[in-house]
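Chemist: For reference, the sequence and a predicted model appear below.
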Amino acid sequence: MNVASVLTRDTERMVCTACETVVPLARVASVCPECGGILDWVAGERPPQTPGEGIWRHADILPTCAPEHRVTLGEGNGPLLPAPRLGDALGLSDLWVKNESLHPSGSFKDLGVAVAVSLAKAHGLPGAVLSSSGNAGASAAAYCARAGLPLTVLVPATAPPAKLRQIAIAGARLVTVDGATDDCCRLATELSAADGLANLTTTFHNPYGIDGYATISDEVAHLAPDVVLLPISSGPLLAGMMKGFARLLAAGRIDRMPRPVAVQPEACAPITRAFQRGGAIEPWRHRQTIAGALNDTLAGYERDGDRTLSFIRKHDGAAVAVTDEAIVDAQHLAARTEGLVLEPSAAVPFAAVEAVRNALGLSGGERILAVVTGHGLKDLSTVAATNLPDPIRPRMTDLREHLAQPRP
């Protein structure tokens, strides 16, 4: 084992999942300094942590950060909702939704970004950078503004305008790249290393985000789901939740692990392809998809997908892909049956039910937990202008006439 500082096995630390290099938490490192591998936080022996607001209500299961350095906008504790009408429409008798789209910036990214920005502030980093398809950039812009840290956000030219406006209004330096998400990720990695910036990219390049996402598992532990459906690009959300469930199992708070399912759009499904073929991740050729938040080819950081696959395979899960048409249908179905207004990428779990039933051999009676990740107000491009009615004259006869017409 390589040791980057004088640390013991009982010390709080980051450990490389590939070569076991030990890295002090104070470095706020993005990747292993020895091999470039993925880092994992290990708590070691440490004093009890004082809980705080937002994500820091879970301070006992997060990296150590003094209260005066913790950055929060009130994130965490997303609603856990039964979804009987949506379940009926999908042939599921026990469907639940963990709505992670209602955090301050409108996506689950706030959970991981809050932790990483807090550590960057606590350990004196001069600023931050990240690659984003939109949601992570909006989140990082908000939290860096809260922390007073300068931020550079690299986004592909295809990012939705609503998300770019979120980034811009919070004062981040927004850079639009004429390339794919993996091009933005490469540039963010290079700038982070050259300028000593925190890399907030919400792939496994931000290892602290994993434990932010793990807090979701604590919030659903009492539900004891059989299967967890997750929208996935590179997969830190899945990895974080499975890390959280493993900790709960070891503590005796749950008696079994749920089966994780990664759901991707067919236009960008490197993890699904590798799972179905039984091999390792290979780079994906960039194509357009309505699920832009999941459009990550993993080119240059295929190991991120392999890390996600390791959790899927270990816990008897699956990875499935769905068409853009099915995603749009699922987005509309979730809104009409349960009032869940989601961006397309967040609706993919509901598009995948039939594929998941076949992949896992489900009967339909299992307790299914779908985690939804981004609010619909970020991207309602699937609601065409033709769906919106023309104005009527302010008369009851006109109102009656309008209501008698078939709905679009």
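Modeler: Cool, got the structure.
Chemist: Could you list the low-confidence segments of the protein?
Modeler: By pLDDT under 70, the weakly predicted segments of the chain are 1-9, 384-387, 408.
Chemist: what about the residue positioned nearest the centre of the chain, which SS state?
Modeler: Central residue of the chain (CA atoms, centre = their mean): Leu237, 4.7 Å from the mean position. Assigned state for Leu237: helix (three-state reduction, DSSP: H, G, I helix; E, B strand; the rest coil).
Chemist: Please identify the helix or strand for the closest residue to it other than its chain neighbours.
Modeler: The shortest distance from Leu237 to any non-neighbouring residue, by CB to CB, 6 or more residues apart in numbering, is to Tyr213 (5.0 Å). All C-beta spots, glycine's among them, are computed from the backbone N, C-alpha and C. Take DSSP states H and E as the rule and Tyr213 turns out to sit in helix 208-220.
Chemist: Touching that helix from outside, list them.
Modeler: 28, 40-41, 55, 58, 61-63, 76-78, 80, 96, 98, 100, 108-109, 111-116, 119, 202, 204, 236-237, 239-245, 247-248, 369, 371 (CB atoms under 8 Å, 6 or more residues apart in numbering).
Chemist: Determine how far that helix lies from the middle of the whole chain.
Modeler: On the basis of CA atoms, centre = their mean, to the nearest Å, helix 208-220 is displaced by 10 Å from the centre of the chain it belongs to.
Chemist: Kindly report the same for stretch 364-381.
Modeler: Using CA atoms, centre = their mean, the offset of stretch 364-381 from its chain centre is 12 Å.
Chemist: All further residue positions should be reported with the first residue as 716.
Modeler: In the new numbering, first residue 716, that becomes stretch 1079-1096.
Chemist: Go through it and flag the buried ones.
Modeler: Neighbour-count burial for stretch 1079-1096 flags 1081-1091, 1093-1095 (criterion: 16 or more other CB atoms under 10 Å).
Chemist: Could you chop the chain up by domain?
Modeler: 795-821+924-1093, 822-914 (automatic domain parsing).
Chemist: For this protein, just list every one of the helices.
Modeler: 799-805, 824-837, 850-862, 876-884, 896-910, 923-935, 951-965, 985-992, 1017-1029, 1039-1053, 1063-1066, 1068-1075, 1111-1118 (DSSP state H).
Chemist: Out of these, which one sits most buried?
Modeler: helix 1063-1066 (a mean of 30; mean count of other CB atoms under 10 Å).
Chemist: can you list contacts of that helix?
Modeler: Residues outside helix 1063-1066 that contact it (CB under 8 Å, 6+ apart) are 801, 805, 944-946, 976, 978-980, 1006, 1009, 1037-1038, 1041-1042, 1044-1045, 1048-1049, 1085-1087.
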